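*Asks:* My questions concern the predicted model and sequence given below.
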Amino acid sequence: MIGRLQCVVLDCPDVLELAWFYQAVLGGEVNRPDRRWGVDDDFATLHTDSGLVLAFQRVADYRAPRWPNAAHPQQFHLDIDVPDLDTAQDLLLGLGATLLLVDPLGWRIFADPAGHPFCTLAGH
C-alpha cells in the first residue's frame, strides 16, 4: 500500500450548497474542525457518519458534467446505497437533484446541484 484515501474533492461553483446537499443525502457534519483542511468561501468539507470525507472546491468558470455527453465528462461518480429507491428519489429531487436515468436493472442516475452524476442502488 502506498497511501490511504484522505477525502474525495468535488469541483463546484458553490461549496456550501454542495456540502449541505450531500449532508442531507449522507448525514455527517459540514465544516467540522479538522487540522488537515482550512474551510472558507472557496473550500468546504463534509465528514460523513461512515467516516468518508468529501470536500468541495470552488472553481471559477465551472463547467458541469453532462452525463453521458463526452464533451462534458462526468470525471467521477458516487454510488449510494439506499433502503428504498422511490423514497430516495423523492427526497433527492426535493433537495435539488435532477433525475437523469431510471435503469431497468434497478438503479437510478441523478445529478447533484452542481451537475455531478451519482447513482442510487437498492441497499443490501
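*Replies:* Done, it's in.
*Asks:* for this structure, what spans make up the helices?
*Replies:* For the chain, the helices defined by DSSP state H occupy 15-26, 85-95.
*Asks:* Can you say which of these is nearest to H47?
*Replies:* With Cβ to Cβ, the closest approach to H47 among those belongs to helix 15-26: 9.5 Å. Heads up, the C-betas are built off the backbone N, CA and C, glycines and all.
*Asks:* Let's have the helices of the chain in JSON lines, adding mean neighbour count and distance to G38.
*Replies:* Putting those into JSON lines (neighbours: other Cβ atoms under 10 Å; distance: least, Cβ to Cβ, whole Å) gives the following:
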{"stretch": "helix 15-26", "mean neighbour count": "20", "distance to G38": "12"}
{"stretch": "helix 85-95", "mean neighbour count": "14", "distance to G38": "27"}
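*Asks:* Relative to Q57, which of those is closest?
*Replies:* Judging these by Cβ to Cβ, what sits closest to Q57 is helix 15-26, at 6.8 Å.
*Asks:* Need the residues that contact that closest one.
*Replies:* With Cβ atoms under 8 Å, 6 or more residues apart in numbering as the test, helix 15-26 has contacts from 10, 12, 29-31, 41-46, 48-50, 52, 54, 56-58, 80, 91-92, 95-97, 112-114.
*Asks:* hmm, try it at 7 Å
*Replies:* Applying Cβ atoms under 7 Å, 6 or more residues apart in numbering, the contact partners of helix 15-26 are 10, 12, 30, 42-44, 46, 48, 54, 56-58, 80, 92, 95-96, 112-114.
*Asks:* how far does it sit from the chain's center?
*Replies:* Put simply, helix 15-26 sits 7 Å off its chain's centre (Cα atoms, centre = their mean, to the nearest Å).
*Asks:* A44 and L85: what is the separation?
*Replies:* Per Cβ to Cβ, to the nearest Å, A44 is found 28 Å from L85.
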